[in-house]
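[1] Sequence and predicted structure below; questions after.
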Amino acid sequence: MSRTLRLDDVTIHRIVEMECGLSPAVQFLPGLKPEVLEENRSWLAPSGLDADGKLVLCFQSYIVKTPRHTILVDSCIGNDKDRTARPLC
């Protein structure tokens, strides 16, 4: 995925903190049947599903630049969080 998107005089920059396979797909989505995952693996891999069957998740922020403003959009899901159930990659 491109890290920059331009729309007329607005530019959006994607700032990736971390992007990796974080959790097994069938564990993260408990209703997902393994056979359905296998049927869709071809279009999910590698950007949405890694070789180990883990969902690829992205921790990111955005910078939106307009002619008058620069805006930081940060969902605050990155560093300094206790994730004992899902250790970082």
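    On my side now, so go ahead.
[2] From the chain's centroid, how far away is the longest strand along the chain?
    In terms of residue count, the longest strand belonging to the chain (DSSP state E) is strand 10-24. For strand 10-24, the separation from the chain centroid amounts to 5 Å (computed by CA atoms, centre = their mean, to the nearest Å).
[3] Can you list the buried residues in it?
    12, 21-22 (16 or more other CB atoms under 10 Å). (Glycine included, C-beta is placed from N, CA and C.)
[4] Show me what it is packed up against.
    Packing partners of strand 10-24 (3 or more CB pairs under 8 Å, 6 or more residues apart in numbering; DSSP states H and E): strand 4-7, strand 54-65.
[5] deepest of these, which one?
    Mean neighbour count (mean count of other CB atoms under 10 Å) peaks for strand 54-65 among those, with a mean of 16.
[6] Contacts for that one next, please.
    The contact list for strand 54-65 (CB atoms under 8 Å, 6 or more residues apart in numbering) reads 10-25, 28-29, 46-50, 70-75, 77-78.
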